[in-house]
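*Asks:* when you get a sec, could you give me coordinates for this:
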Amino acid sequence: IETANGTNDYWDMDNISGVYNSGYPFLSWENGNTVLLNLPPLATFNPEDNSTGVERESSITISFSEAIRNGDGTEITDTNVDLIITLKDTDASGSDIAFDAAINDSNTVITVDPTSDLNYLQTVYVGIDSGYVEDAEGVELTVLVSATFTTLDVISTMPSGSGIENDPYQIANLENLYWMTENSDLWDKYYIQTSNIDASSTSAWDGGQGFTPVGNNSTKFAGSYDGSGYTISGLTISRPGTNHTGLFGYTNGSTINNLGVINVNITGADRTGGLAGWIIGSSTINNCYTTGNITGTKLVGGLVGIVDDSSTVSNCYSTGSVTGSSNDVGGLVGYNKFSSVSNCYSTGSVVSSEGIRIGGLVGRAYGGSISYCYSTGSVTGSSSVGGIIGFGSGEYSVTGLFWNIDDFSTDNGIGTGITTTEMQTVNTFIDGDWDFEIETVNGTNDYWDIDNINSVYNSGYPFLSWENGAAVSINLPPLATFSPEDNSTDVERETN
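*Replies:* Below you'll find the model as predicted:
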């Protein structure tokens with residue numbers, strides 16, 4: 001029966017009833033052509049154990065040497081076969097991988113299909129535990145059978161398009177994004193994202209260092225990237241000794257719009273941000289956001305590490321947790337230098353216990369302007385710590401800034417600390433000249449919206465109007481307009 005140790009078949013054994021030769025092994029010629037040995041079903045895995053370079057979309061098959069049934073004697077069907085399969089990330093103790101499974105008509109082959117493509121360089125464990133299956137004679141699988149394999153490395157794939165303004169490179173998947181990192185000579189071109197991209201497999205790239213930022217000290221990103229409202233999720237960068245760290249490491253004169261970088265795990269050194277490390281040369285970032293965890297040394301921000309040299313960040317937010325080990329750390333921007341930050345917010349915790357100039361929104365401001373922004377969440381630093389801005393100098397200007405004083409109670413004189421209730425009250429911001437949908441007194445650009453009635457969307461805090469598309473959540477009381485206007489003079493006596 002068994003072939004792993006050869007096919008000469010010298011031995012047999014009455015391992016079920018234990019009668020012939022009292023259950024001890026005997027030579028196979030002793031009982032002629034009769035075979036008493038009854039082994040549990042033998043399982044063969046494809047991909048094989050320890051395989052590498054497996055295609056991400058591969059099915060997994062488990063082939064048995066004979067027909068199998070459930071360990072309790074019932075039939076295995078497409079309906080219940082999932083119950084005997086374990087499919088995990090990394091090893092038997094890893095997180096579950098969702099799958100569908102089926103068994104063939106002869107009950108000898110189980111096919112396991114992950115419900116979505118596996119990640120690049122993902123280690124996958126598949127197994128069937130002892131006691132779960134048996135053969136037609138009731139001989140159980142008495143030991144765990146399993147296989148572990150690793151998928152292939154990411155493949156660089158050139159996107160559609162030619163990189164010009166009217167025909168941008170179309171970044172449709174992770175392979176296209178990887179191609180972008182490898183072609184620094186094209187970092188002055190036009191790009192547009194055409195779908196959501198799952199970047200969670202970047203955690204295994206480059207020996208665990210993860211994604212390589214687009215733009216660095218020698219070649220800056222000087223092009224245009226339009227995210228088209230799509231997201232890049234699960235991006236991992238683990239480069240604690242590298243400056244200029246983020247999806248975009250270092251940009252000069254670039255434009256980045258309409259992009260969400262979500263559930264990131266980014267670790268760098270100086271000038272680290274969830275979206276960009278350092279932007280200079282009148283770079284602009286608009287309608288972008290980040291979530292996840294961002295860690296660096298100094299000049300660290302949830303969205304951008306340092307906004308410099310007449311650059312602009314507008315209509316953006318970050319909900320990520322930001323951690324630094326030195327100075328100039330902020331929930332949205334670490335350092336705003338001779339640049340503009342407007343109509344933005346941050347809601348994550350900011351921690352740099354040994355650092356100075358630590359802020360809920362911006363760590364340090366030097367020159368430039370910061371306007372119509374708010375922050376919530378705890379802020380921790382050694383000195384020059386602020387709920388909205390840690391420290392400002394150089395004739396910088398601020399307008400319409402608020403932070404939640406229930407989250408951070410120390411007032412450093414920059415912006416206005418207000419309670420959670422006031423944060424969820426629309427008139428707080430309208431009275432501060434913020435431009436909301438519906439109201440027109442403060443402008444008609446309609447940067448902001450708020451769910452001031454139900455307090456469900458964004459927990460009742462203001463949010464950027466693009467976040468919920470064309471929907472309008474704000475509900476204002478009836479607005480009254482008088483004629484003659486208030487404080488009018490020389491009004492005709494008979495006027496209505």
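
*Asks:* from here on, just use CA atoms for contacts and neighbour counts.
*Replies:* Noted.

*Asks:* Tyr10 and Leu27 touch, don't they?
*Replies:* Yes. In this structure, Tyr10 sits in contact with Leu27. The criterion is C-alpha atoms under 8 Å, and the distance is 5.9 Å.

*Asks:* next up, the contacts around Ala101.
*Replies:* Under the criterion of C-alpha atoms under 8 Å, 6 or more residues apart in numbering, the neighbours of Ala101 are Asp78, Val81, Asp82, Ile110, Thr111, Val112, Asp113.

*Asks:* then Ser224?
*Replies:* With contacts taken as C-alpha under 8 Å, 6+ apart, Ser224 has the following neighbours: Asp188, Lys189, Tyr190, Tyr191, Ser254, Thr255, Ile256.

*Asks:* which residues touch the fifth one?
*Replies:* So the one you mean is Ser254. Neighbour list for Ser254: Phe221, Ala222, Gly223, Ser224, Ile279, Gly281, Ser282, Ser283, Thr284 [criterion: C-alpha under 8 Å, 6+ apart].

*Asks:* next step: those residues restricted to strands.
*Replies:* Taking DSSP state E, the ones among those that sit in strands are Ser224, Ile279, Thr284.

*Asks:* so which bits of the biggest helix by length in the chain are buried?
*Replies:* With secondary structure taken from DSSP state H, the chain has its longest helix at helix 174-182. Residues Leu174, Glu175, Asn176, Leu177, Tyr178, Trp179, Met180, Thr181 are the ones in helix 174-182 that count as buried (16 or more other C-alpha atoms under 10 Å).

*Asks:* tally of neighbours for the spatially closest residue to the fifth one that is not a sequence neighbour?
*Replies:* Counting by C-alpha to C-alpha, 6 or more residues apart in numbering, Tyr178 lies nearest to Ser156, which is 5.6 Å off, once chain neighbours are set aside. Here the number of neighbours of Ser156 (other C-alpha atoms under 10 Å) works out to 15.

*Asks:* residues near Pro25, how many?
*Replies:* 15.

*Asks:* repeat that for Thr428.
*Replies:* For Thr428, which is what you asked about, the neighbour count (other C-alpha under 10 Å) is 15.

*Asks:* surely it meets Glu422?
*Replies:* Yes. Under the criterion of C-alpha under 8 Å, Thr428 lies in contact with Glu422, with a separation of 6.3 Å.

*Asks:* what residue ranges in the protein score low on pLDDT?
*Replies:* 479 (pLDDT under 70).

*Asks:* now Ala470: how far from Leu464?
*Replies:* Ala470 is 12 Å from Leu464, where distance means C-alpha to C-alpha, to the nearest Å.

*Asks:* you'd agree the residue nearest to Tyr178 is up against Asn183?
*Replies:* No. Under the criterion of C-alpha under 8 Å, Ser156 makes no contact with Asn183, lying 10.1 Å away.

*Asks:* circling back to that earlier point, any idea which of the contacts of Ser224 is closest to Tyr132?
*Replies:* Distances from Tyr132 to the contacts of Ser224, taken as C-alpha to C-alpha, are shortest for Tyr191 (51.9 Å).
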